Each structure stands twice: as structure tokens, then as C-alpha cells.
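Novice: whatever this is, show me its structure:
(one chain, ligands or ions: 1)
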Amino acid sequence: MPATAPRKILIVSSHALFSEGLRQLLKRHDRHPVQVIGIVENFDQAAPVIARHAPDLIVVDYDDAQVNQQEFIRQFIESNQQHRLVLLSLQEGGDLGMVYERRQIHPSQVDSWLESWFEPQTSHAPESPFHPAEEHRSNDMKHWIGVILLIVVLTALGIVGLQNQWLLTTPASAQAAAVDTLFRYEWVLISFLFALVVGFMLYSMIFFRRQKGDESDAEYIEGNDALEITWTILPLITVLAFAAIGARTLKDITRVQPGEMEIKVTGQQWSWRFEYPDGTVSDQLVLPVDQPVLLTLESVDVLHSFWVPEFRVKQDVVPGFKQELRITPTRMGDYKVRCAEICGQRHAYMLADVHVISQAAYEAWLQAQAGGAGGEDPAARGQQLAQQYGCLGCHSVDGNPGVGPTWKGLFGEDVKLADGSDVDADEAYLHESIVDPGAKIVEGFTNVMPPTFGDQLSEDQISDIIAFIQSLK
Ligand code: CUA
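Specialist: Down below sits the predicted model:
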């Protein structure tokens with residue numbers, strides 16, 4: 001019987017006291033037969049003994065300066081040997097100190113470790129009379145069925161928990177369908193992968209947890225080629241499949257639509273501006289339902305990202321480049337453009353209204369814009385410009401300070417500047433502040449205004465905006 005065969009021990013030490021002391025200790029644990037198959041002084045002597053006798057345990061004298069302990073550790077870390085390597089320290093008074101067992105071990109654990117080492121090793125041996133191989137296999141089968149059921153249940157719960165209608169806004173564009181299909185595939189896969197990891201983990205925590213008093217090591221597993229090939233090939237196929245689905249989706253949502261209407265979109269800190277085919281400029285995106293739209297997007301300052309969640313598609317807006325985004329709105333309603341790229345202090349407020357309306361309502365809206373855009377009153381024109389160019393995103397007209405100073409009561413005021421001087425808020429000062437915002441900074445504010453308005457606005461338009469400010473008493 002394997003349980004009664006003597007354990008073969010090789011001692012590595014140049015001190016006779018060490019090997020003698022160890023022999024005495026081993027005698028104390030005489031419940032199991034032990035055979036010291038050799039006492040050697042270095043690795044060169046040890047190697048042939050190990051090769052010939054395959055000792056169960058190799059004990060290296062930790063305190064022996066003649067022995068190169070590191071060499072033993074390296075050899076055993078790198079080799080696939082099944083026997084154990086122990087660095088042992090016999091301290092004063094004959095106490096036993098375990099130093100290395102391919103891990104650190106506390107001196108107080110030595111006795112129980114030594115006990116466990118001399119216990120008959122039966123638990124994992126299939127030929128053991130206590131656990132016949134037959135019983136092993138049926139137990140294995142039970143565990144497999146259990147864990148597979150758990151994974152199926154967790155996957156189903158994951159899919160139900162990640163349903164479209166709970167996580168996504170109502171789709172409102174033709175492009176949304178393709179994106180949502182991709183989402184659905186991903187949620188199924190995510191649920192399964194989550195269940196696979198958590199299922200095995202939960203099952204093991206419940207059914208394979210350590211029994212009370214069990215101090216034994218886990219079974220040493222060298223590797224499993226079939227398993228490793230499987231978990232390499234299957235994810236590879238999955239990733240490639242998703243790449244193909246993703247590419248097809250991208251093709252779907254960027255395809256040129258017949259009869260597209262082009263709208264120019266300009267993003268800037270922190271507003272959106274939309275220019276329609278007839279020249280109308282607005283801070284609102286108004287779209288006729290079912291009309292394919294080509295948005296050409298530009299930024300005058302930093303990175304922004306155009307995103308209407310209900311349309312699903314999203315496009316970064318990059319300064320110096322013209323980007324394109326295609327949307328066919330399919331559902332009438334009110335939505336919001338949300339800047340989806342962090343772009344400074346008021347990024348979170350960089351919103352614009354989106355209205356999807358009927359073709360007739362759209363025509364009427366354009367008419368109204370054309371009627372109101374001109375007008376004889378410079379202040380009214382200025383108010384519209386201030387809206388269109390996003391001035392009101394930072395400057396309030398009700399006296400509350402925003403990112404910039406309020407416009408209410410500003411004209412003619414004595415303004416205190418950051419450098420301690422004063423300035424009269426006259427036409428010249430306001431003009432300078434619009435085209436060169438950094439020239440005079442108001443006390444209590446940091447200048448973050450884009451210096452681009454001098455290029456975007458004509459002199460007449462600047463005069464109109466100043467007239468609007470003047471009207472805000
Ligand atoms: Cu623009 Cu964030």
C-alpha cells in the first residue's frame with residue numbers, strides 16, 4: 001500500500017549536527033516510516049541522488065553558509081518535480097523553524113505541517129479504496145450539472161436585467177435600430193461571461209470551501225492543454241464575430257441616404273449653433289421627421305462631441321476638421337444634444353434643444369425664423385445673435401453671475417478689473433471684450449471666453465449685441 005511505504009528524505013547540509021538533529025526529530029514523528037536516503041553538501045551532489053531515488057522531501061539546511069540555498073530554490077521553482085523542497089532552520093534548544101516550502105511558513109505552523117506531511121495521502125488518489133473511481137466520476141458529474149445550471153440561471157437573470165427598455169432611451173432614428181441590435185448581442189454575451197466567472201466562483205465557495213481542521217494543500221495542477229486551447233480559441237472567434245457585426249453596423253449607420261438635407265453644426269465652449277440650408281442660424285436643431293439629414297460638424301475651439309441619446313449615433317467634433325454624421329429622425333418629439341466630450345468648465349451644460357416635427361411645421365418654423373431674424377430693432381437682432389452664438393450660455397441677463405459677468409445693468413457701469421483698475425463699460429470696452437476677451441478681465445472672474453468671436457461676427461452684428469446689452473437695464 002502506498003500509505004505505508006517509507007517516505008524518502010534527502011538531507012542537504014555540511015554540518016553533522018544538523019543531519020543528526022533532524023534524524024532525532026523525524027524519529028519523534030515515528031507514526032510513519034521515514035527513510036533518509038542520503039546526506040549531501042551541495043546541489044551537484046544532490047542532483048544524481050534526486051534523479052535516481054526521487055525523494056519525497058528534500059530538506060536544505062537554512063543556516064549552512066556552505067550550501068547555496070538559492071540554487072535549490074531556483075531549481076525547484078523552475079522544475080516540474082512533484083517532491084517538496086524545504087529550507088529548515090534548527091535553532092537553539094532544538095526548535096524547528098520552517099523557512100521555505102515554496103512559500104513562507106510560520107514557526108507555529110511547523111508541527112501541524114509535519115503532521116500533515118506524514119498523513120497518508122489518499123484524498124486525491126483515484127485508486128484509493130475509500131473513494132473508488134466510480135464514485136468520483138458520478139460526484140464530478142453532479143458538480144458539473146450543478147454549476148452549469150447555476151450559469152444558465154445567472155445568464156438569464158443578466159439578460160433580463162439588462163433589457164433595452166430599462167437602460168436605453170426610446171430610439172428615435174433609423175440608425176438607432178442597428179445600434180440597438182448590437183447592444184442586444186453584447187448584453188447576451190456580457191451576461192454569459194459574468195455568469196461564467198461568478199457562477200464557478202459562487203459554486204466553489206459553497207461546495208468546495210475548506211473543511212474545519214483541513215490544513216492540507218490544494219492539489220497541484222500542472223496545466224490543461226485542452227482547456228487552455230478552448231479558452232483561447234472561443235474568445236478569439238467571439239471577438240472576431242463582434243468585429244464583423246460592428247463593421248456591418250458602422251456601414252449601416254454611415255451609409256449615404258438619398259435626398260439628404262445638410263445642416264452645418266458648430267460647437268464651441270459651451271454652445272451649439274446650427275445653420276440650415278436656407279441660411280437660417282439657430283441654437284436649436286429642428287428636424288422634419290423621416291427626412292435624412294447630413295450634419296457637418298466643426299469646432300471653433302476644443303474637442304466636443306455631438307450626441308443625442310435617442311438617435312444613438314455620436315460624433316466627436318474636432319477643431320480643424322470637418323466631421324460628418326447621418327441621422328434620419330423617425331419619431332417626433334423633443335430631445336437634447338448633449339456634449340459628450342469633456343470640454344471645460346460648463347461642459348455639462350453644453351446642451352441644445354432638438355425638435356423633430358412634421359415637414360409642414362418645419363417649413364413654418366423656417367418662415368418664422370426668416371421673419372424674425374432681420375427686424376428693425378438692433379437690440380432684438382442682438383438678442384437673437386446672443387442666443388445663436390451661445391453668449392447666453394455664460395452671461396446671464398437677470399443679474400446672476402455665470403461663468404462670465406452678467407449683462408444686466410452692465411452698460412455704463414463702472415467695472416472693477418482684476419488688476420485693481422476701473423473701466424467704464426461703454427461701447428468701446430464692450431467691443432474690445434467681445435473680440436479680445438482677455439484684454440480686460442473683470443475682478444472675480446477667470447477668462448475662458450473663446451477669442452474667436454471677432455472672426456465669427458461682423459461689425460454690424462457686434463453693434464447689435466452691444467445694443468442688446470445696452471437695453472438690459
Ligand atoms: Cu463641449 Cu463638452
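Novice: every contact and neighbour count from this point should use C-alpha atoms.
Specialist: OK.
Novice: which SS class is Ser19?
Specialist: In terms of secondary structure, Ser19 is helix; the call rests on DSSP: H, G, I helix; E, B strand; the rest coil.
Novice: any weak-confidence spans in the chain?
Specialist: When residues are selected by pLDDT under 70, those of the chain lie in 1-4, 28-32, 79-83, 91-136, 164-165, 371-375.
Novice: which parts of the stretch 151-300 of the chain are strands?
Specialist: Secondary structure of the stretch 151-300 of the chain by DSSP state E, counting those that start in this stretch: the strands cover 261-268, 271-275, 281-282, 285-288, 293-299.
Novice: give me the most central residue, this protein.
Specialist: The centroid of the chain falls nearest to Ile190 when counting by C-alpha atoms, centre = their mean (13.8 Å).
Novice: show me the longest helix that occurs in this protein.
Specialist: helix 174-207 (DSSP state H).
Novice: in that helix, what's buried?
Specialist: Neighbour-count burial for helix 174-207, counted by 16 or more other C-alpha atoms under 10 Å, picks out 174-180, 182-183, 187-193, 195-196, 199-200, 203.
Novice: quick check, Leu150 in contact with Met201.
Specialist: No. Between Leu150 and Met201 there is no contact under C-alpha atoms under 8 Å: 10.7 Å.
Novice: which ones are touching Ala176?
Specialist: Contact criterion C-alpha atoms under 8 Å, 6 or more residues apart in numbering gives Glu310, Phe311, Arg312, Val313 as the residues in contact with Ala176.
Novice: Throw the strands of the stretch 151-300 of the chain into TSV and include mean neighbour count, thanks.
Specialist: Output for the strands of the stretch 151-300 of the chain, formatted as TSV (neighbours: other C-alpha atoms under 10 Å):
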stretch	mean neighbour count
strand 261-268	21
strand 271-275	23
strand 281-282	22
strand 285-288	22
strand 293-299	22
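Novice: okay if I get those as JSON lines plus distance to Arg326?
Specialist: JSON lines is the format used below for the strands of the stretch 151-300 of the chain (distance: least, C-alpha to C-alpha, whole Å):
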{"stretch": "strand 261-268", "distance to Arg326": "9"}
{"stretch": "strand 271-275", "distance to Arg326": "15"}
{"stretch": "strand 281-282", "distance to Arg326": "19"}
{"stretch": "strand 285-288", "distance to Arg326": "12"}
{"stretch": "strand 293-299", "distance to Arg326": "5"}
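Novice: out of these, flag the one nearest Ala379.
Specialist: Ala379 lies closest to strand 281-282 among those, at 17.1 Å (C-alpha to C-alpha).
Novice: and of the contacts of Ala176, the nearest to the ligand?
Specialist: If you rank the contacts of Ala176 by distance to the ligand using C-alpha to the nearest ligand atom, Val313 comes first, at 16.3 Å.
Novice: excluding chain neighbours, what is closest to the closest one?
Specialist: The shortest distance from Val313 to any residue that is not its chain neighbour, by C-alpha to C-alpha, 6 or more residues apart in numbering, is 6.7 Å, and that residue is Trp307.
Novice: is that neighbour in contact with Leu325, as I believe?
Specialist: No. Counting by C-alpha under 8 Å, Leu325 is not a contact partner of Trp307; they are 10.1 Å apart.
Novice: what touches both of these two?
Specialist: Residues touching both Trp307 and Leu325 (C-alpha under 8 Å, 6+ apart) are Val313, Lys314, Gln315.
Novice: tell me, how many residues neighbour the second one?
Specialist: Other residues near Lys314 number 17, with proximity taken as other C-alpha atoms under 10 Å.
Novice: what about it? Give its phi and psi, please.
Specialist: Backbone torsions for Lys314, taken as degrees, to the nearest 10, come to phi -150, psi 140.
Novice: same deal with the first one?
Specialist: When quoted as degrees, to the nearest 10, the phi and psi of Val313 stand at phi -70, psi 160.
Novice: I'd say it and Ser305 touch.
Specialist: No. At 10.6 Å, Val313 and Ser305 do not qualify as touching, with contact defined as C-alpha under 8 Å.
Novice: show me what residue of the stretch 351-473 of the chain gets nearest to the ligand.
Specialist: Leu351 (8.6 Å).
Novice: which parts of the protein are helices?
Specialist: Taking DSSP H as the criterion, the chain carries its helices at 16-28, 43-53, 69-78, 110-118, 133-161, 164-167, 174-207, 225-254, 359-373, 378-388, 427-435, 453-456, 459-471.
Novice: quick one: which of those helices is nearest Asp214?
Specialist: Short answer: helix 110-118, nearest of those by C-alpha to C-alpha, at 9.2 Å.
Novice: gap between Val12 and Asp61?
Specialist: From Val12 across to Asp61, the span is 6 Å (C-alpha to C-alpha, to the nearest Å).
Novice: what residues are shared contacts of those two?
Specialist: Taking C-alpha under 8 Å, 6+ apart as the criterion, Val12 and Asp61 both touch Val67.
Novice: how about the residues of the stretch 1-150 of the chain that lie near the ligand?
Specialist: Applying C-alpha under 6 Å from any ligand atom, one finds that the stretch 1-150 of the chain does not approach the ligand at all.
Novice: count the neighbours of the residue of the stretch 51-200 of the chain found nearest the ligand for me.
Specialist: When C-alpha to the nearest ligand atom is the measure, the stretch 51-200 of the chain has its nearest residue to the ligand at Thr169, with 20.4 Å between them. Applying the criterion other C-alpha under 10 Å, we find 12 residues in the vicinity of Thr169.
Novice: and it, what does it touch?
Specialist: If a contact means C-alpha under 8 Å, 6+ apart, then Thr169 has Pro309, Glu310 as its contacts.
Novice: thinking again about what came up before, and the strands of the stretch 151-300 of the chain as a markdown table, adding distance to the ligand?
Specialist: Formatted as a markdown table, the entries for the strands of the stretch 151-300 of the chain read as follows, by distance: least, C-alpha to the nearest ligand atom, whole Å:
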| stretch | distance to the ligand |
| --- | --- |
| strand 261-268 | 7 |
| strand 271-275 | 7 |
| strand 281-282 | 17 |
| strand 285-288 | 16 |
| strand 293-299 | 9 |
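Novice: those: which one's closest to Glu71?
Specialist: strand 293-299 (64.2 Å).
Novice: please compute how far the closest one lies from its chain's middle.
Specialist: Distance of strand 293-299 from the chain centroid (C-alpha atoms, centre = their mean, to the nearest Å) equals 29 Å.
Novice: next one: stretch 452-471
Specialist: Relative to the chain's own centre, stretch 452-471 is displaced by 45 Å; criterion: C-alpha atoms, centre = their mean.
Novice: what do you get for stretch 141-157?
Specialist: Per C-alpha atoms, centre = their mean, the displacement of stretch 141-157 from the mean C-alpha position of its chain is 28 Å.
Novice: ok, residues contacting that stretch?
Specialist: Stretch 141-157 is touched from outside by Val188, Ser191, Phe192, Phe194, Ala195, Leu196, Gly199, Phe200, Tyr203, with contacts defined as C-alpha under 8 Å, 6+ apart.
Novice: how about the contacts made by Val337?
Specialist: Counting by C-alpha under 8 Å, 6+ apart, Val337 makes contact with Phe306, Trp307, Val308, Pro309, Leu351, Ala352, Asp353, Val354.
Novice: now with 7 Å?
Specialist: Contacts of Val337 were listed using C-alpha atoms under 7 Å, 6 or more residues apart in numbering, and they are Phe306, Trp307, Val308, Leu351, Ala352, Asp353, Val354.
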